[in-house]
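> below is the sequence, then the predicted model.
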Amino acid sequence: MKYYVIAGERSGDLHASNLIRAIHRHDPQAEVRAWGGEMTQEAGATLVKHYRDLAFMGFWEVFKNLRTILGFLSFCKKDLLAYGPDVVILVDYAGFNMRVAKFAKAKGLKVFYYISPKVWAWNQSRAYKIKALVDRMFVIFPFEKSFFARYNYPVDFVGNPLFDAIAAYHPDPRFLTTHQLGEKPIVALLPGSRKQEVERMLELMTSVIPQFPAYQFVIAGVSNLPASLYQRWQQQYQVPVVFDATYDLLSHACAALVTSGTATLETALFRVPQVVCYQTGTITYTIARSLIKVDYISLVNLVAEKEVVRELIQHELNTENLVAELKKITASGTERQRQLDEYEQIRRALGEQGASEKAGRLMVEYLKAPPAQ
């Protein structure tokens, strides 16, 4: 069968790659065409577009680049029809992918969605739209199954794919030596994977460094962004950058400052106490604040349904607050052990390893099943 997969972000590339491998195991003749990145390509997909071309963040950023985005959408529609897949598999990235879902459904194509749009966070009535456009939804958080049940829309809870990614990770025994990291305890800085968020977050994250002389700070860089982007902070604070080695960094870190997103949950699963950071443009924040229907922005707190990690959002994200919160989770901090204890509860709530395998198997089974009478 022919599969058309769309992942528009770095984390989506990771999860799509594991999903594609699972599909190949259950459908050895599978042909996969994809929007993604190097990991998707290495998993056996023919790459159409790289996610770096799609990395627009925030309402204002999307508005400014609307012509470009609409151009990508037009190209995608033509490519879909030319390829004629048995199924379109959408991976997260709701703003773009829901438009693709609408088009694909209108053209009679089957639509699967892996990693649900976060409709439970804002504009919850969008669940009706998903129900109308998506044939099968595969969710990764346990609370999502009960959320969609309120709309009489059965979904498959497959577990969280981060367990698969972490299980496939093999620690580099020479990591510290290779990057010339000394004996001081490490504070990991995870600024994100988009250019504008990296610039904004590193400006704030690195500002705490003078207050922590007993620690070494290390930036988790990503190779899909130019290395020159990080040079300013490397030179100003003598902070090393490790590229595409976030899991190795988290394996050695004692604490972390993390931009809100998938990385907050990864940090928790590596048992690293953290402070969650989020700041965006005023227009984007004002719009988002009026729409958000949940109490937290970090996946850690959303899964726990309470504050496990401190979230510093918008005006609260400043040097003074970062210093105060980071002190609480370093070696002698009062909050450190509490976070570690709460992480165990989160791990249990998320299920077990095998999300990608389960999702891939179910997708193939649904496609091979005879149509309902």
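That came through, no problem.
> next helix or strand past whatever helix or strand Ala127 lives in?
Using DSSP states H and E, Ala127 sits in helix 126-133. Going down the chain from helix 126-133, the next helix or strand is strand 136-139, by DSSP H and E.
> what are the buried residues along whichever helix or strand comes after that next one?
Note on strand 136-139: by DSSP H and E, the next helix or strand toward the C-terminus is helix 142-149. Residues 144-145, 147-148 are the ones in helix 142-149 that count as buried (16 or more other Cβ atoms under 10 Å). C-beta: built from backbone N, CA, C; applies to glycine.
> could you say what helices and strands the helix holding Ala127 packs with?
Here helix 126-133 touches helix 94-106, helix 142-149, going by 3 or more Cβ pairs under 8 Å, 6 or more residues apart in numbering; DSSP states H and E.
> test my guess that Gln41 contacts Leu47.
Yes: with contact defined as Cβ atoms under 8 Å, Gln41 counts as touching Leu47 (4.6 Å).
> can you list residues touching both of those two?
Applying Cβ atoms under 8 Å, 6 or more residues apart in numbering, one finds that Gln41 and Leu47 are jointly contacted by Ala34.
> low-confidence ranges, the stretch 51-200 of the chain, go.
Applying pLDDT under 70 to the stretch 51-200 of the chain flags residues 54-67, 121-123.
> can you map out the helices along it?
Using DSSP state H, counting those that start in this stretch, the helices of the stretch 51-200 of the chain run over 59-64, 66-83, 94-106, 126-133, 142-149, 162-167, 175-178, 195-205.
> ranking these by burial, who's on top?
Counting by mean count of other Cβ atoms under 10 Å, helix 195-205 has the highest mean neighbour count of the helices of the stretch 51-200 of the chain, with a mean of 20.
> show me this protein divided up by domain.
2-161+354-368, 175-349 (automatic domain parsing).
> ends of the last one, how far apart?
So the one you mean is domain 175-349. End-to-end span of domain 175-349 (Cα to Cα, to the nearest Å): 31 Å.
> circling back to that earlier point, tell me the angle of the helix holding Ala127 relative to helix 142-149?
80 degrees (axes from the mean of the first three to the mean of the last three Cα atoms, to 10 degrees).
> in what helix or strand does the spatially closest residue to Phe75 that is not a sequence neighbour lie?
Spatial nearest neighbour of Phe75, chain neighbours left out: Lys49 (7.7 Å); criterion: Cβ to Cβ, 6 or more residues apart in numbering. Using DSSP H and E, Lys49 maps to strand 46-50.
> can you tell me the strand partners of that strand and which way each runs?
strand 31-36 (parallel) (DSSP bridges).
> give me the residues contacting the strand it pairs with.
1-8, 12-13, 16-17, 20, 23-24, 40-41, 43-51, 54, 76, 79, 83, 85.
> ok, now stretch 136-154?
For stretch 136-154, contacts defined as Cβ under 8 Å, 6+ apart pick out 111-116, 119-120, 124, 127-128, 130-131, 155-161, 302-303, 305, 349-351, 355, 359, 362-363, 366.
> what comes up buried for the helix or strand where Ile20 lies?
Using DSSP H and E, Ile20 sits within helix 10-26. For helix 10-26, the neighbour count (16+ other Cβ under 10 Å) marks 10-24, 26 as buried.
> what packs against that helix?
Against helix 10-26 (3+ Cβ pairs under 8 Å, 6+ apart) you get strand 2-7, strand 31-36, helix 38-42, strand 87-91, strand 111-114, helix 162-167, helix 355-368.
> go through these and pick out the most buried.
Comparing those by mean count of other Cβ under 10 Å gives strand 87-91 as most buried, with a mean of 26.
> next, the angle from that strand to helix 355-368.
Orientation check (the same axes, to 10 degrees): strand 87-91 against helix 355-368 gives 160 degrees.
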